[in-house]
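One predicted model, sequence on top.
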Amino acid sequence: MSKRILLSSLIGAVALGGVAAGGLALASAPTEPTLEHSSARYTAPSDGSAGSLVYTVDVSDDSGIRGLKAVVWPASSKLDPTEAQLREVESAKCRSTSDETSRCTYTLKVTKREAADLAKGTWYVSALATAKDGDTTSVPRAATFDVTR
C-alpha cells in the first residue's frame, strides 16, 4: 500500500471517529425542559359565575417533568419576574401524557370585584418548568392575553 493511500485512510478514520464521538456526546448531553403549545385564555365574570384565567402548556424533558410554576402580570406594570421570583409562586397542575411530557394547567378564578380592579390591556404569563433531573427553564413571557371590559 502506498504511503499516500495509507495516510488518506488514516485521516478518514480519524475524521469518522471524531464525528462518531461528537454524535455520542450530543446524544448524551443533558437537555432543559421545553414548553410548547402554550395558550392563555381570560374569561370575564358574568352575573352568575366567576371568571377565570386558564394557562395551558405542554412541558417536555428527557427525564420527565416535576412541575411548573406560573404567574400572570399586566404589561403596564413592567414587572418581568425573575427565575428566583418564579420559584416562589403558585404551581400549575400537571398530568403526564408520556414518560417525557406533561400537560400543565394553571387556573385562576376571578370574581366580579377582582375583575373591576384588573388593569385593562395586555397581560403576560411567566412560567418556570422543572424537570425530574432538576433542570429548569424560565420563560418570562410564555403566553399573552388581553383583559377587556
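Alright, I've got the coordinates.

burial of the closest residue to residue 56 other than its chain neighbours, as a residue count?
Excluding the flanking residues, the one nearest residue 56 by C-beta to C-beta, 6 or more residues apart in numbering is residue 105, at 4.9 Å. C-beta: built from backbone N, CA, C; applies to glycine. When counting by other C-beta atoms under 10 Å, one arrives at 14 neighbours for residue 105.

what's the answer for the one 10 residues further on, then?
Look at residue 115: counted by other C-beta under 10 Å, it has 16 neighbours.

So it sits against residue 51, correct?
Yes. At 5.7 Å, residue 115 and residue 51 qualify as touching, with contact defined as C-beta atoms under 8 Å.

Next up, the contacts around residue 74.
Contacts for residue 74 were tallied using C-beta atoms under 8 Å, 6 or more residues apart in numbering; they are 118, 119, 121, 122, 123, 124, 147.

wait, is residue 113 part of a helix?
Yes. Residue 113 sits within a helix when classified using DSSP: H, G, I helix; E, B strand; the rest coil.

Count the neighbours of it for me.
By the criterion of other C-beta under 10 Å, residue 113 has 8 neighbours.

Quick check: bridge partners of the residue lying closest to residue 50 once chain neighbours are set aside?
Nearest residue to residue 50 in three dimensions, chain neighbours excluded: residue 109, at 4.7 Å (C-beta to C-beta, 6+ apart). Beta-bridge partners recorded for residue 109 (DSSP bridges): residue 52.

OK, contacts around residue 109?
Counted by C-beta under 8 Å, 6+ apart, residue 109 has contacts 50, 51, 52.

Show me the helices in the chain, by range?
Listed in chain order, the helices of the chain (DSSP state H) span 3-28, 83-86, 112-117.

what does the last one contact?
Applying C-beta under 8 Å, 6+ apart, the external contacts of helix 112-117 come out as 44, 45, 50, 51, 149.

Same list, the residues you listed, but as JSON lines with neighbour count please.
Listed next are the contacts of helix 112-117 as JSON lines, based on neighbours: other C-beta atoms under 10 Å:
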{"residue": "44", "neighbour count": "14"}
{"residue": "45", "neighbour count": "17"}
{"residue": "50", "neighbour count": "15"}
{"residue": "51", "neighbour count": "18"}
{"residue": "149", "neighbour count": "7"}
